[in-house]
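A.B. asks: quick one: sequence and predicted model below, then my questions.
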Amino acid sequence: MVSFSNIFYSVCEQLMMVSSAYLTLTPLVAAEWISRRTRVTFMLLVAAMGVTCGVMYEVLPESKLPLFILTSVVSIGVLIAVTRIRPYFLLYLFFTSEFFVYSLSTFARVADAFMYPESLAASHYTWFGEIVLWSSLVLFCAASYSLFHDRIPYILENGVMGQSGRSFWHNAWLLPFMCYLVDVLAIDVPSDPSLVDGNVLFSLVFLQLVIMTLYLSILGLEYYLMHSAKDAQEGLNREHLLDMQLRQNAVMKERIDQARRARHDLRHFRNTVAMYLRNDDPDGLKTYLGQLDEITDDSPLIWCENSIVNAIVGHYVSRAQALGAEVQVHAQVPQECGITEAQFSVVVGNVLENAVAALERAKEEGGIRLALIIAIDVGVGRQFTLDVRNTYAGEILKNGQGELLSTKHEGTGVGTASVTAVAERMGGFARFGNEGGMFRAYVLMPLG
């Protein structure tokens, strides 16, 4: 017959799922992938599942494995659906949390065995073990706040933003998973009290501390590498922006020099026109005026008020015009609009770079009219919109998730993935595809 005390201890043990859920969800809240309210809702659901599983494990022991599998699959499925986070990122978080929670349960089991060796034969902690377990869980959640609120979200964010190789992130979850397996399969307190002494317990605690320290060190190394990679990428972006601004300044200087030469040559122009009129030579005058039009560049120097957008647009418009493309630009972006220099580099720079690259490939194909249409606007309602259409050659390929496949390498395009990640992080979206025979990239981002 199942006793109430066994059910109580079973429920307390299964409620460890709540702390694991808290550690899993905290990085998602910090990265603004879910809200705090959603986290509370999830934790309440996890608590309800913990109580249910704790009761069912004691009443129907044979339901333990299928119920465990069912609740795990449903929980992960719902979390993926709600957060839209990639499964391998979620597995990385899940097994990281499970590893730390299971490690703390090992310490509680060792403390329980040290104080009450007879508890090893039971399937649950004693009251002392429960106190040690929950005290350590609360202390760990408080002490690891920086790790789960700052560092792990930073690691994941930079993985989403494409600063690290996709192949790495496809397999990164295996590290916490293997640590978790070592905990479950290798570090286990024997159930026979006769096999347990002080040396055995000390060895278990020492091994557990070594594994936890090793994994914490690896997390620190990942954070350092991600931080270094982001700093390096931002440095390259700044250099690229500076280069574009210098080129734009050079073009502006050339236009100023042209204006000075035009003023200097104005007297010669008047004399030449007067000569054609005196000689009654309208055909010669038309030819002369046509030659002046050919050497005059009427394209604007200032596309919008924002200097960063102006430099990026000017750079890629010049490249597109050099290819012989017909270019149309509409840009209304104020100097201050709530978007950082780095975000402009990712969104506007990547989209226009891809557009010009598509024009280059289309020109190689030949027989295609090259065109580029750019519309950038910060309008009423504080929304940033980027709408770029360009000629392209070949096919537009997407994977099963609707992500654009790269034409330069296998897998999805890093540039479009970065644009999508920035847009979604700001509460907007990015769409890429064919429209009216041209490739269209459309990005919308609320500005708060």
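C.D. replies: Received, thanks.
A.B. asks: how about the nearest residue to Val29, chain neighbours excluded?
C.D. replies: Leaving aside its chain neighbours, Val29 sits nearest to Arg39 (5.3 Å; criterion: Cβ to Cβ, 6 or more residues apart in numbering). For glycine as for every other residue, the C-beta is placed from the backbone atoms N, C-alpha and C.
A.B. asks: in what helix or strand does that neighbour lie?
C.D. replies: According to DSSP states H and E, Arg39 maps onto helix 36-59.
A.B. asks: pull out the buried positions in that helix.
C.D. replies: 38-39, 42-43, 46, 49-51, 53-58 (16 or more other Cβ atoms under 10 Å).
A.B. asks: adding distance to Gly437 and pLDDT as columns, could you present the residues you listed in TSV?
C.D. replies: Converted to TSV, the buried residues of helix 36-59 look like this (distance: Cβ to Cβ, whole Å; pLDDT from 0 to 100):
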residue	distance to Gly437	pLDDT
Thr38	42	87
Arg39	46	88
Phe42	46	89
Met43	51	90
Val46	51	89
Met49	52	89
Gly50	56	88
Val51	59	91
Cys53	57	87
Gly54	61	85
Val55	63	88
Met56	60	87
Tyr57	62	84
Glu58	66	83
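A.B. asks: wait, which of the residues you listed is closest to Met178?
C.D. replies: Val46 (24.4 Å; Cβ to Cβ).
A.B. asks: can you tell me how far the spatially closest residue to that closest one that is not a sequence neighbour sits from Ala48?
C.D. replies: Nearest residue to Val46 in three dimensions, chain neighbours excluded: Ala21, at 4.3 Å (Cβ to Cβ, 6+ apart). For Ala21, the distance to Ala48 (Cβ to Cβ, to the nearest Å) stands at 11 Å.
A.B. asks: farthest-separated two in the buried residues of helix 36-59?
C.D. replies: The widest separation within these (Cβ to Cβ) is 31.2 Å, between Thr38 and Glu58.
A.B. asks: below-threshold pLDDT in the stretch 251-400 of the chain: ranges please.
C.D. replies: Within the stretch 251-400 of the chain, the ranges that satisfy pLDDT under 70 run 251-274, 276, 284-286, 288-301, 367, 380-381, 396-400.
A.B. asks: tell me which stretches of it form helices.
C.D. replies: Secondary structure of the stretch 251-400 of the chain (DSSP state H, counting those that start in this stretch): helices at 266-278, 282-294, 307-322, 341-344, 350-365.
A.B. asks: neighbours of Ala279, how many?
C.D. replies: Slight slip there: residue 279 is Asn, not Ala. Counted with other Cβ atoms under 10 Å, residues neighbouring Asn279 total 10.
A.B. asks: what distance do you get for it to Thr287?
C.D. replies: Per Cβ to Cβ, Asn279 is found 13 Å from Thr287.
A.B. asks: same question, Ser20
C.D. replies: Note on Ser20: its distance to Thr287, by Cβ to Cβ, is 82 Å.
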